[in-house]
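Q: This is a predicted model, with the sequence first.
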Amino acid sequence: MAEADIVLHMTGVRKTFGPVVALSNMDLTVRAGRVHTILGENGAGKSTLMKILAGVQPPTAGEITLDGAPYYPATPQEAGARGLAIVFQELSLCNNLSVAANILATREPTRMGFISDRKVTAQARALVRDLGLPIDVTAQVGDLSIAQRQLVEIAKGLSHDAKVVIFDEPTSSLSDSEAEILFGIIGRLKAQGKAVIYISHRMEEIMRLSDDITVVRDGKYVDTVAREDTTIDALIAMMVGREMTEIYPPRIGEAPDPQAAPALRVTGLAQTGAFEGVSFEVRHGEILGFFGLIGSGRSEVMNALFGTGVARGTVEIDGAPVTIRSAAEAIEHGIGFVTENRKEQGLVLSHALRPNVSMAALPRFSSRGFVRSRAERREALSEVDRLGIRTNSIETVTGTLSGGNQQKVVLAKWLATRPRILILDEPTRGVDVGAKFEIYRIIRQLASEGTAILMVSSELPEVLGLSDRVLIMSEGRVTQTAPRDTLTPERVMTFATGHVQ
Amino acid sequence: MTETANMTSDRQAYLRAVLRQYAGIVLSLVALCVFFSLTNDRFLSVANLTNIFQQVAVIAITAFGMTWVILLGEIDLSVGSIIAVAGMVGAQIIGLGWGFGPALVLTLAAGAAMGLFNGVMTAKLLLPSFIVTVATMSIFRGLVSLPTGGAPAMNMDPTWIAIGANSFLGVPIIIWVVLVLFVVNHVALAHTTFGRKTYLTGGNREAALYSGINVDAMKIRIFMISGLMAAISGILLSSRLYSAQTNAGMSYELDAIAAAVLGGTSLSGGVGTMVGTLIGALIIGVLNNGMNMLSVPYFYQLIVKGLVILIAVYLDVRSKQRQG
């Protein structure tokens, strides 16, 4: 291939945050008129790479050129001026403004120094029409669905002329028909001779769109291959560094007797507007998977059980009816809750690992109101050891750890309460494959020690790979509860979407 | 064996972090002292250092209370007014002839009650503490004048005045009070579960809630602590002034906030220590005292104090950005 069509070139790019290496030895050659996919698990270093290119963070070392000239943008504005356009995955829109105002934000056409609403609307409308997007530019962004907002994000990213267009997981919230519109746009960009960087981990669309594919894993460059020369299986193997079949560890020992007395029995749990008639039981040593699409009410049920939400119905723990009105009462009853969002509900990111581990179990680490720091340190050390948390010390600030290690700290925090019933809400969201595997191993280990586990997940392979039984919810109702081996992915999806024949 | 080794290294890491945390402000304090002692040879005399401590007392004690509030991610702008109310409550009860003991207890109770009001408004009505305490700053300042119609109350008890005038073991009682309150607040913050819960709640309210911490109760108790500390400051101030002035403690909330922030307390909550706050209060005290000795006009003093706060906070923010 000729050197002349190289638009963006990176060699040996490295980014560190203190002792943490987010990206190392990154090489990338992006050519005009081609779609270059960056493939990697969450936490593999893709977003760091994007932030460097977008001028959000400078690289620690390495060389980058754009059109042959050194490229080290200090700000996103500079990156834009040099010819880079980015379509973000995380929505960066102002919900209180109109679609048109968002698309042309900071570049509004003016009339005698004042922003002309008429011109803004007209320009935005022309742009949206050219792109073939089905959006009304006068609508408030806050009133749109998530998928429509993603389309607005695309229009915004493409609203100024660019040589390199980066799409950061653009299809993660799009339906098939909207994704088709996007693929059409990418095809046209390619035909216009623009270089497209496409970030995704959806194999089918990657194989369909890409010309070149670069794989990253654990912050390291793995390889760049041409699409014709590879297969989905080969890409997955490169991406995870191990075969997919090894990911779900087998259960340790026998599954609990289905006739055994349940650790937790829930009958007729209901919350107005969220869910109703939710009944289930889970035994000591059993993993009960909770599957449902977003909005099915799974997380609300868990919050109600934990006393952080209000609900009617009866809850029995080891045969005795209980009323749980607060998290403190839930913890006293031996319930732990690994919450869905570790940054918001799980950790105090500005604090060290040690106080994060002990925070839900302070009564265990105190006497007469004083913290027993020796016992606390010992617990933190033993959890670091047991869960394989990679950290310099237990005094390391949790905000500096990787996503997978942060998630393990959340687990450690709940294990420190010695729970008899453990609720896990999306336990592996946003963690890399290695940490995922270790978290699965820990869940198995806990079950084998007799903990009753409720695992909420929207990843179907995870639910089917780990659960003894699966409960499926759809629109606030339980549509099926069945042993794992009677279920197939298709059957689960049928119940989850409510299309039961 | 390895566990002990790990524990030692973790303890060392902890100590290193602590040293790094205070290096900046301790150096600033030392630099100020060196500067003032070079420009005035009376600065380092025992008499003057005692004087600085006495002047710092009211700010330091108010700032201890403020540190709890800021650690929780809240703010208490009403402490200056509480200082004045406390002095007036004491003077009125002494005026009734009930004696020192009841006057002391009721004054402290009045401070805690005003804090309770702030706390309940913030925790239960979900009003921002900034707004609540701007309002109560005004309300409490107005309450001070109710008994006397705006005049100072001069009827003071001899024991009350002795607090500000007398010494114990050669050290003024005011300094003993500051030291004891420093130790109590420091131990409570650094070593009790209550202190730990304060850090956790200020660091991430929602995570604290999910960990079984009663966040509302924390808020209410901490505003009560702030009110109580301000009431103690009010007692010391009225004792030194031999009277309860209606404008006592005016704008002391700003000095208290400045002391806490100089000491490294983060206004977003979750980070800070009593040691830092004490050093912060000393910096403000040394600045005031040193500039007075150099006869710097009052308005220049205001400008210098403001600049020192800006520089200190800037250095703090920058060092945090480097770490993160």
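A: Alright, I've got the coordinates. Residues are numbered from 1 along each chain as shown, chains lettered A, B, ... in the order given.
Q: isn't A:R82 right next to A:Y71, touching?
A: Yes. Taking contacts as Cβ atoms under 8 Å, A:R82 lies within contact range of A:Y71: 6.4 Å. Where you see a C-beta, it was placed from the backbone N, CA and C, and this is true even at glycine.
Q: between the two, who's got more neighbours?
A: A:Y71 (22 against 17; other Cβ atoms under 10 Å in any protein chain shown).
Q: Between the two ends of stretch B:155-174, how far is it?
A: 21 Å (Cα to Cα, to the nearest Å).
Q: Quick check: buried residues in it?
A: Neighbour-count burial for stretch B:155-174, counted by 16 or more other Cβ atoms under 10 Å in any protein chain shown, picks out B:M156, B:D157, B:W160, B:I161, B:I163, B:G164, B:P172, B:I173, B:I174.
Q: List the contacts of the first one.
A: Contacts for B:M156 (Cβ atoms under 8 Å, 6 or more residues apart in numbering or on different chains) come out as B:A91, B:I94, B:S238, B:S239, B:Y242, B:S243.
Q: One more: the last one?
A: Applying Cβ under 8 Å, 6+ apart, one finds that B:I174 lies in contact with B:F53, B:Q54, B:A57, B:I163, B:G164, B:L236, B:R240.
Q: Mind doing that once more with 6 Å?
A: B:Q54, B:A57, B:L236 (Cβ atoms under 6 Å, 6 or more residues apart in numbering or on different chains).
Q: same question, B:S238
A: Going by Cβ under 6 Å, 6+ apart, B:S238 touches B:G87, B:A244.
Q: Please spell out which residues along the helix or strand harbouring it are buried.
A: Assigned by DSSP states H and E, B:S238 belongs to helix B:215-240. Residues B:215, B:218-240 are the ones in helix B:215-240 that count as buried (16+ other Cβ under 10 Å).
Q: name the element residue 299 belongs to?
A: By default, I'm working from chain A. Counting by DSSP H and E, A:S299 is part of helix A:298-305.
Q: that's the wrong chain, I wanted chain B
A: With DSSP H and E as the test, B:F299 turns up in helix B:298-323.
Q: Tell me which residues touch A:E153, please.
A: With Cβ under 6 Å, 6+ apart, A:E153 has these contacts: A:V87, A:F88.
Q: give me phi/psi at it?
A: phi -60, psi -40 (degrees, to the nearest 10).
Q: Any figure for the gap between it and A:S474?
A: Note on A:E153: its distance to A:S474, by Cβ to Cβ, to the nearest Å, is 29 Å.
Q: can you check B:T198 too?
A: 43 Å.
Q: re the thing from before, ok, and what's touching whichever helix or strand comes after the helix holding A:S299?
A: Later in the chain than helix A:298-305, the nearest helix or strand by DSSP H and E is strand A:312-317. Residues outside strand A:312-317 that contact it (Cβ under 6 Å, 6+ apart): A:L264, A:R265, A:V266, A:T267, A:G268, A:L269, A:A270, A:P321, A:V322, A:H333.
Q: Same question for stretch A:340-352.
A: A:339, A:356, A:395, A:397-399, A:406-407, A:410, A:425-426, B:200, B:203-204, B:206-207, B:210, B:270.
Q: Give me the subset of those residues lying in helices.
A: Cross-referencing these against helices under DSSP state H gives A:N356, A:Q406, A:Q407, A:V410, B:L200, B:G203, B:E206, B:A207, B:Y210.
Q: Count the residues that sit near the second one.
A: Read it as A:Q406. 24.
Q: Contact partners for it?
A: By Cβ under 6 Å, 6+ apart, A:Q406 lies in contact with A:R342, A:T398.
Q: Just the pLDDT for residue 58.
A: In the absence of a named chain, chain A is used. As predicted, A:P58 sits at a pLDDT of 89.
Q: Can you look at chain B instead?
A: On the pLDDT scale, B:V58 is placed at 93.
Q: Might one say that B:A110 is in contact with B:V89?
A: Yes. Contact criterion Cβ atoms under 6 Å: B:A110 and B:V89 qualify, at 4.6 Å.
Q: okay, now the domains of chain A?
A: A:6-241, A:261-334+A:419-501 (automatic domain parsing).
Q: Check those for me: which has the lowest mean pLDDT.
A: Averaging pLDDT over each of the domains of chain A puts domain A:6-241 lowest, since it has a mean of 84.
Q: Strands along the stretch 251-400 of chain A, start to end?
A: A:262-271, A:275-283, A:287-292, A:312-317, A:320-322, A:335-338, A:366-367, A:370-371 (DSSP state E, counting those that start in this stretch).
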